[in-house]
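In: Quick one, what's the 3D model for this:
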Amino acid sequence: METVALTVHESEINKLKAENLELRERLMDMSTAGMAEQSADLNFQLKMARQLIASKAFPNMTPEQAFVILQAGKEMGMQPMESIKKLYIVNGAVGFHGSGMVSQLTSKGALIEYFNETEHQVTARVYYEGNVYEETATDKDQILLKSKAITFAKKNKLRYHAIRMILSFHLPHLAGSVSVWDADDMEAAKDLQKPEYFDTIVEAIKAAETLDELNDVRLNHKGQLTKSLDLLKVFGDRKRELSATA
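Out: Numbering: from 1, shown residues only. This next block holds a predicted model:
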């Protein structure tokens, strides 16, 4: 009886081993197929990037930059030409053109309006999924004081700045991994020294463990946040992290 029991036991073990081996082989086949598909997709994107640059329609862009833009756009569900029109690369990072940023919002179903618009300020309001988000940009914001674009396209610059704050404060997930700040903003921010309160607010932002806590930081330090591009970026990154786990 003991011999029979042992034989049955070994049979079951061998069966399980065979099933395990078959499962591992299937997983390997699936992994190989997935890698092959991914490789083919990357090669296709790179080939498309080279063709776009070869067309000389984008003389200030390299094939490598076009490839990165196409990849970033694809991750956000954009078509190739849509990516090229909406996105650009500055200082090694992918960012939105102002009009591309607005287009990204509306393509996700958001409605945008501007009001209380004067020569010196504008308030942007975004309606998205039953919620309303609102921010005001003024030409006294430190980032805009150093902006070159505001000297020749003030109306657009103020509007885009308000929209960028809405994306950073409220809807960073709609921008994905793409920066909402353009080259003009980044250049202007270079000359701005970090204020004394900078590290304190950064710590408060990173210490926020819920979206409600992060919103309290925004309400308590909104004046300081709107004056610092670096703080706005830190805030937007933290909001994106918390939104992903909410």
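
In: can you pull out the helices in this structure?
Out: 2-54, 63-75, 80-86, 98-107, 142-145, 154-169, 183-190, 198-207, 211-225, 229-245 (DSSP state H).

In: Check the offset of the fourth one from the chain's centre.
Out: Helix 98-107 sits 13 Å away from the centroid of its parent chain (CA atoms, centre = their mean, to the nearest Å).

In: Kindly report the same for the third one.
Out: When distances are taken as CA atoms, centre = their mean, helix 80-86 is centred 15 Å away from the chain's centroid.

In: which parts of that helix are buried?
Out: 80, 82-86 (16 or more other CB atoms under 10 Å). C-betas here are computed from N, CA, C, even on glycine.

In: could you dump those to TSV with pLDDT and distance to residue 131?
Out: What follows is the buried residues of helix 80-86, written out as TSV (pLDDT from 0 to 100; distance: CB to CB, whole Å):
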residue	pLDDT	distance to residue 131
80	79	32
82	84	26
83	82	27
84	80	31
85	82	28
86	84	24
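
In: which one of these is nearest residue 143?
Out: If you rank the buried residues of helix 80-86 by distance to residue 143 using CB to CB, residue 86 comes first, at 21.7 Å.

In: show me what contacts the closest one?
Out: 73, 78, 96-97, 99-101, 103-104 (CB atoms under 8 Å, 6 or more residues apart in numbering).

In: Likewise for residue 113?
Out: With CB under 8 Å, 6+ apart as the criterion, the residues that contact residue 113 are 124-125, 127.

In: Quick one: which of the residues you listed is the most crowded by neighbours?
Out: Counting neighbours by other CB atoms under 10 Å, residue 124 comes out on top of the contacts of residue 113 with 25 neighbours.

In: Against residue 64, how distant is that residue?
Out: Taking CB to CB, to the nearest Å as the criterion, residue 124 is separated from residue 64 by 34 Å.

In: same check, this time on residue 151
Out: Computed as CB to CB, the residue 151 to residue 64 distance reads 32 Å.

In: Which one's more surrounded, these two?
Out: Using other CB under 10 Å as the criterion, residue 151 and residue 64 rank with residue 64 on top: 13 against 8.

In: can you tell me the distance between the two ends of stretch 105-118?
Out: 24 Å (CA to CA, to the nearest Å).

In: Buried ones in it, by neighbour count?
Out: Within stretch 105-118, the residues that qualify as buried are 105, 110, 112, counting by 16+ other CB under 10 Å.

In: can you check stretch 212-221 too?
Out: Across stretch 212-221, burial judged by 16+ other CB under 10 Å covers 214, 217-218, 221.

In: now do stretch 230-241
Out: Within stretch 230-241, the residues that count as buried by 16+ other CB under 10 Å are 231-236, 238-240.

In: now do stretch 134-152
Out: Buried positions in stretch 134-152, judged by neighbour count with 16+ other CB under 10 Å: 134-137, 139, 141-144, 146-147, 149-150.

In: And the average pLDDT for it is what?
Out: When the per-residue pLDDT values of stretch 134-152 are averaged, the result is 87.

In: 44 is where my numbering starts, stick with that
Out: I'll keep to 44 as the first residue from here, and by that count the last item is stretch 177-195.

In: How far does it sit from its chain's centre?
Out: In terms of CA atoms, centre = their mean, the gap separating the centre of stretch 177-195 from the centre of its chain is 22 Å.

In: Please apply the same query to stretch 169-179.
Out: Using CA atoms, centre = their mean, we find the averaged C-alpha position of stretch 169-179 to lie 18 Å away from the chain's own average C-alpha position.

In: Show me the shaky parts of this structure.
Out: When residues are selected by pLDDT under 70, those of the chain lie in 44-92, 94-102, 134-135, 234-236.

In: The same query, at a cut-off of 50, please.
Out: Scanning the chain for pLDDT under 50 picks out the ranges 44-51.
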